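*Asks:* What follows is a predicted protein model with its sequence.
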Amino acid sequence: MPNTTATNPTLAVIGFKRQLVYHLHFWAFIAVAPLVLVQWKQGHPLLSALLILFCGNALVVIALLRLRDTYFLKGRLFPLLAVVCATYSTIINGHSGLYWAYPAAIALFFLLPLKEAIVFNSLFLSIMSVVAFYKFPEADFWRITFSLGLSCLFAMIFAWLVGRLQAELTRLATTDPLTGCLNRSQLADILNAQIQIRERYERVSSLVLIDLDFFKSINDHWGHLAGDKVLKEMAQRLRKRLRESDQLFRIGGEEFMIVLPETRHKDADRLARQLLTSISARPFLNDITLTASASVAEVSQGETWSVWLNRADQALYQAKALGRNQVVNASRPDAALQAEPLLGPGDNAPDEVAPA
Ligand SMILES: Nc1nc2c(ncn2[C@@H]2O[C@H](COP(=O)(O)OP(=O)(O)OP(=O)(O)O)[C@@H](O)[C@H]2O)c(=O)[nH]1
């Protein structure tokens, strides 16, 4: 099965799950395949048939993962068949069948979503307890119930912690630690999703780029730590004005990007102007007056995410070249001529940045 390096955290998680499914099916097949014959020879054709089903499913999943890098039913058939085989084997074989209940219960936590695995395992544990109660002496019934229950509990704790670790690592890999905004790792995926909505449903999205003006002079004048605090406050001010569905990225030192789903350039342009006003209207850290430049680009038919972003980038460059503290709309070919400066302290030269 392909083991390529993932290009973003989401793909890394998907790759991890595929590897897990592959190894579980592979080693379970190796362990269980000989039992088909053993059970057949011992005169248990039904169990032998169930094991054939289990091995057949494992083989198909292994082949699909090797050849197409995909599998079906989210790997649910494996744990389902495993618990059925283990239960039936315990009923007809006694202790020698019971040994298989332990790996089956643990596999449930590896392959199913946590809540589903807990429900499924509780059911499995109850059935196995009933079987043990009728099949074995009372002391064994208690031993089996507690040891199987403890195995399930350990597996559940492990799966829960791995899930939390995975979520935390994904959060760390996809967000900027300073501002909490998304970083560039998700950029292509999120822009591509908007492009697909545009192509499929003809619903347009826009993106806004915002870059603080003369930010270098803030660092030079007030120090890097103050610069960091300004960036944090900037993200807070932007976030305050955005909807839940909008996505805020920090894509460069003092450059932010906002993806606005289902938003035409006219509305995006209005929002960008309001955002620039919210930046220039009130000093940062109570003292530092700042302006920003922005560009707006509505996604066009047939363009790729990099072309879309590049259009916005060019427009932002124009906004800077035209004197900053303004919005340039990338959708208009004559955007440069129509850019309108905003009122505010942005007319300051870099060395004029001073306490308000
Ligand atoms: N404090 C702080 N500064 C940063 C961070 N990332 C980038 N910078 C600074 O941001 C400044 C960006 O400078 P420039 O690219 O010249 O841009 P600018 O001074 O804003 O000028 P214009 O964009 O042309 O208006 C540099 O001084 C960087 O060191 C950061 O995380 N924290």
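*Replies:* All right, it came through fine. Note that the structure is predicted; figures quoted are calculated from it, not measured.
*Asks:* Angles on the backbone of residue 33, please.
*Replies:* phi -50, psi -50 (degrees, to the nearest 10).
*Asks:* So it sits against residue 55, correct?
*Replies:* Yes. The pair formed by residue 33 and residue 55 meets the contact definition of Cβ atoms under 8 Å, at 5.2 Å. No exception for glycine: its C-beta is placed from N, CA and C like everyone else's.
*Asks:* higher neighbour count, the two?
*Replies:* Ranked by neighbour count (other Cβ atoms under 10 Å), residue 33 and residue 55 place residue 55 first, with 20 against 15.
*Asks:* Distance of the more buried one relative to the ligand?
*Replies:* 55 Å (Cβ to the nearest ligand atom, to the nearest Å).
*Asks:* What residues does the chain have near the ligand?
*Replies:* Listed as neighbours of the ligand in the chain under the rule Cβ under 6 Å from any ligand atom: 178, 211-216, 219, 224, 227-228, 231, 253-254, 320, 324.
*Asks:* Top of those residues by number of neighbours, please.
*Replies:* Counting by other Cβ under 10 Å, top hit in the residues of the chain next to the ligand: residue 213 with 28 neighbours.
*Asks:* Now do the contacts for that residue.
*Replies:* Residues near residue 213 by Cβ atoms under 8 Å, 6 or more residues apart in numbering: 290, 291, 292, 293, 320, 324, 325, 346.
*Asks:* among the residues of the chain next to the ligand, which one has the lowest pLDDT?
*Replies:* Looking at these by pLDDT, the weakest one is residue 253, with 91.
*Asks:* Strands - which of the residues of the chain next to the ligand land there?
*Replies:* With strands defined by DSSP state E, the entries of those inside them are 211, 212.
*Asks:* Mind checking which of the residues of the chain next to the ligand land in helices?
*Replies:* 215, 216, 219, 224, 227, 228, 231, 320 (DSSP state H).
*Asks:* Does the first one touch residue 227 like I think?
*Replies:* Yes. With contacts counted by Cβ under 8 Å, residue 215 reaches residue 227, the gap being 6.9 Å.
*Asks:* Output the below-cut-off pLDDT ranges for the stretch 51-200 of the chain.
*Replies:* Counting by pLDDT under 70, the stretch 51-200 of the chain shows no low-confidence range.
*Asks:* buried stuff in stretch 249-263?
*Replies:* 249, 250, 251, 254, 255, 256, 257, 258, 259, 260, 261, 263 (16 or more other Cβ atoms under 10 Å).
*Asks:* re the thing from before, and the two most separated of the contacts of residue 213?
*Replies:* 290 and 320 (14.5 Å; Cβ to Cβ).
*Asks:* Could you pull out the helices in the chain for me?
*Replies:* 9-41, 45-68, 77-93, 95-98, 101-111, 114-135, 138-174, 187-201, 215-222, 224-241, 265-280, 305-321, 335-338.
*Asks:* Format these as TSV; extra columns: distance to residue 286.
*Replies:* TSV is the format used below for those (distance: least, Cβ to Cβ, whole Å):
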stretch	distance to residue 286
helix 9-41	37
helix 45-68	58
helix 77-93	59
helix 95-98	70
helix 101-111	52
helix 114-135	46
helix 138-174	31
helix 187-201	33
helix 215-222	12
helix 224-241	10
helix 265-280	15
helix 305-321	27
helix 335-338	35
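*Asks:* which of these is buried the deepest?
*Replies:* Most buried of the helices of the chain by mean neighbour count (mean count of other Cβ atoms under 10 Å) is helix 101-111; its value is a mean of 22.
*Asks:* what domains does the record give for this protein?
*Replies:* 9-174, 184-352 (automatic domain parsing).
*Asks:* residue in the stretch 1-150 of the chain nearest to the ligand?
*Replies:* With Cβ to the nearest ligand atom, the shortest gap between the stretch 1-150 of the chain and the ligand falls at residue 9, namely 21.2 Å.
*Asks:* The nearest residue to that residue once chain neighbours are set aside and residue 231, how far apart?
*Replies:* Excluding the flanking residues, the one nearest residue 9 by Cβ to Cβ, 6 or more residues apart in numbering is residue 173, at 4.2 Å. Counting by Cβ to Cβ, to the nearest Å, the separation of residue 173 from residue 231 is 20 Å.
*Asks:* For residue 248, name its beta-bridge partners.
*Replies:* residue 258 (DSSP bridges).
*Asks:* can you tell me how far it sits from the ligand?
*Replies:* Taking Cβ to the nearest ligand atom as the measure, residue 248 falls 16 Å from the ligand.
*Asks:* hmm, back to that, which of the contacts of residue 213 sits closest to residue 145?
*Replies:* Checking the contacts of residue 213 one by one against residue 145 (Cβ to Cβ), the nearest turns out to be residue 292, at 65.0 Å.
*Asks:* does the closest one really touch residue 276, like I thought?
*Replies:* Yes. The criterion here is Cβ under 8 Å, and residue 292 meets it with residue 276 at 5.5 Å.
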